[in-house]
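Chemist: following is a predicted model, sequence given first.
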2 protein chains.
Amino acid sequence: METVERLIRSTQELLWERGYVGTSPKAIQRAADAGQGSMYHHFTGKAELAKAAIERSGAELREAAEVQLAGEGTPAERISGYLGRERDVLRGCQVGRLAADPDVVADPELRAPVAETFEWLRARLAEVVAEGKRTGDFPESLDPERTAATIAAVLQGGYVLARAAGSTEPFELAVQGLVDLLGAK
Amino acid sequence: METVERLIRSTQELLWERGYVGTSPKAIQRAADAGQGSMYHHFTGKAELAKAAIERSGAELREAAEVQLAGEGTPAERISGYLGRERDVLRGCQVGRLAADPDVVADPELRAPVAETFEWLRARLAEVVAEGKRTGDFPESLDPERTAATIAAVLQGGYVLARAAGSTEPFELAVQGLVDLLGAK
DNA sequence: GTCTATACTGGGATAGAC
DNA sequence: GTCTATCCCAGTATAGAC
């Protein structure tokens, strides 16, 4: 694999694990097996490299979501499929994790890909909810934008509760609770 | 205020803002207006001081939640009151924020107060939901533990989405979406 | 209890050789 | 493109004086 590619992927991993503040250029170089000069030749510094890595992670999140949301089945089944799909819960969300980072939130260049990813996700979920209202999966009373935000929040919050507990259980409970509420009509 | 107290409160603020990894002993000393020797006289180091600060933050979260959850009104009203109470949304949750921190999650001494806080919160919410089932506020079909986890997750996830967006809007949408679902019976 | 001195490592980056 | 040298400051802590 090429150096630039290794640098971006290593940065993605480290940002996921330790966040922006906790990730040093040296650690990136070690993980990517790239030298100091090499890294600074391809990127102006930590911030630019992080930006590339965050954009990549955002794209991966969108692709993974789209697999479920554009897949087979009724709208309700696709939402449930998305909620229940295999996840490495205790690792958390590689994009959502960055919202905790003050240096990411404070820098427009770094926050932008994070913001765009969740804007896309909420809009996409809202589409599927709206579709479900037309098919009768969901009651007319449901507001698609609100419901989409709730769905995205349960996942992000589920990760937080699971990591706090050191167990996937709270995540699973939260998701089941949401599925119950969505199905209760 | 005494030195120990200033150290703990300053550490709480810094942990909230920058997390454990992003908080240095020097920054704590500056914020607390305490010297190097003073801090190391009262605490063995950053970890012990952080533990004290996290325990304090956990206690504050519990007290704040209890105001709403043990307050006036029907169970459904108390849940809504808790969800809708005044919050500094863009600052995030001072306890939940720590679940993103690898050094907190990895250290049992530091993770314990975070875990206990959310265990307490979910149990307390489950009590109120169960009470609401008895009073007829909530349908018999609702599982209290699941629903409690969903409520806690919506809040934590709402913070994540809001900070990502740089706006409180996603938080408010997510909460409203949950209230809608809980009220739909 | 608090202060200053000291120590050592790592963070983040630039310069210039190869 | 990549390597090594170098720079300066911050992180985290210990030691001993006051």
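Modeler: Looks like it arrived, so ask away. Residues are numbered from 1 along each chain as shown, chains lettered A, B, ... in the order given.

Chemist: check what pLDDT the residue of chain A most remote from its centre gets.
Modeler: Here chain A reaches farthest from its C-alpha mean at A:G37, the gap being 31.6 Å by C-alpha atoms, centre = their mean. Looking at A:G37, its pLDDT reads 97.

Chemist: ok, it to A:G92 distance?
Modeler: According to C-beta to C-beta, to the nearest Å, A:G37 and A:G92 sit 33 Å apart. To be clear about C-beta, it is placed using only N, CA and C from the backbone, and glycine gets the same treatment.

Chemist: now do the contacts for A:R163.
Modeler: By C-beta atoms under 8 Å, 6 or more residues apart in numbering or on different chains, A:R163 lies in contact with A:L90, A:G92, B:A99, B:A100, B:V105.

Chemist: what strand or helix carries it?
Modeler: Here A:R163 sits within helix A:144-165, counting by DSSP states H and E.

Chemist: returning to that earlier point: helix, strand or coil for the residue farthest from the centre of chain A?
Modeler: helix (DSSP: H, G, I helix; E, B strand; the rest coil).

Chemist: pick out the most distant pair among the contacts of A:R163.
Modeler: Across the contacts of A:R163, the longest distance by C-beta to C-beta is 12.3 Å; it joins A:L90 and B:A100.

Chemist: comparing these two, which residue is more hemmed in?
Modeler: B:A100 (28 against 14; other C-beta atoms under 10 Å in any protein chain shown).

Chemist: do I have it right that the more buried one meets A:G19?
Modeler: Yes - counting by C-beta atoms under 8 Å, B:A100 does reach A:G19; the two are 6.6 Å apart.

Chemist: return the residues of chain A in contact with DNA strand C.
Modeler: A:T23, A:S24, A:P25, A:K26, A:A27, A:Q36, A:G37, A:Y40, A:T44, A:G45, A:K46, A:A47 (C-beta under 7 Å from any atom of the strand).

Chemist: and the angle from the biggest helix by length in chain A to helix B:144-165?
Modeler: If you go by DSSP state H, chain A has its longest helix at helix A:108-135. Counting by axes from the mean of the first three to the mean of the last three C-alpha atoms, to 10 degrees, helix A:108-135 points 130 degrees away from the direction of helix B:144-165.

Chemist: how about helix A:108-135 and chain B, touching?
Modeler: Yes - applying C-beta under 8 Å from any C-beta of the partner chain, one finds helix A:108-135 touching chain B at A:R111, A:V114, A:A115, A:T117, A:F118, A:E119, A:R122.

Chemist: contacting residues around the third one?
Modeler: I take that to be A:A115. Here A:A115 is in contact with B:A164, B:A165, B:G166 (C-beta under 8 Å, 6+ apart).

Chemist: distance-wise, check the last one relative to A:R111.
Modeler: So the one you mean is B:G166. For B:G166, the distance to A:R111 - C-beta to C-beta - is 6 Å.

Chemist: between those two, which one's more packed in?
Modeler: A count of neighbours by other C-beta under 10 Å puts A:R111 above the other of B:G166 and A:R111, at 21 against 16.

Chemist: wouldn't the more buried one be in contact with A:V105 here?
Modeler: Yes - counting by C-beta under 8 Å, A:R111 touches A:V105, with 5.5 Å between them.

Chemist: which residues do these two both contact?
Modeler: Both A:R111 and A:V105 are in contact with B:A164, B:G166, where contact means C-beta under 8 Å, 6+ apart.

Chemist: pass me the low-pLDDT residue ranges in chain A, would you?
Modeler: A:184-185 (pLDDT under 70).

Chemist: most centrally placed residue in it?
Modeler: Short answer for chain A (C-alpha atoms, centre = their mean): A:V95, at 4.1 Å.

Chemist: before we move on, the earlier item: need the CA coordinates for the helix holding A:R163. CSV is fine.
Modeler: Extracted as CSV, the C-alpha positions of helix A:144-165 are listed here (Å, rounded to 0.1, in the frame of the first residue of the first chain):
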residue,chain,number,x,y,z
PRO,A,144,-39.7,12.0,10.0
GLU,A,145,-37.1,14.5,10.9
ARG,A,146,-37.7,14.1,14.6
THR,A,147,-37.8,10.4,14.4
ALA,A,148,-34.6,10.2,12.3
ALA,A,149,-32.8,12.3,14.9
THR,A,150,-34.1,10.0,17.7
ILE,A,151,-32.8,6.9,15.8
ALA,A,152,-29.4,8.4,15.3
ALA,A,153,-29.2,9.6,18.9
VAL,A,154,-30.1,6.2,20.3
LEU,A,155,-27.2,4.7,18.4
GLN,A,156,-24.7,7.4,19.4
GLY,A,157,-25.9,7.4,23.0
GLY,A,158,-26.0,3.6,23.1
TYR,A,159,-22.3,3.6,22.4
VAL,A,160,-21.7,6.1,25.2
LEU,A,161,-23.6,4.0,27.7
ALA,A,162,-21.9,0.7,26.6
ARG,A,163,-18.4,2.2,26.9
ALA,A,164,-19.3,3.6,30.3
ALA,A,165,-20.6,0.2,31.4
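
Chemist: flag every residue of chain A that's near DNA strand D.
Modeler: A:T3, A:A34, A:G35, A:Q36, A:G37, A:S38, A:Y40, A:H41, A:H42.

Chemist: at 10 Å what do you get?
Modeler: A:2-4, A:6-7, A:21-22, A:29, A:33-42 (C-beta under 10 Å from any atom of the strand).

Chemist: verify the stated contact: A:G84 with A:E172.
Modeler: No - under the criterion of C-beta under 8 Å, A:G84 makes no contact with A:E172, lying 9.1 Å away.
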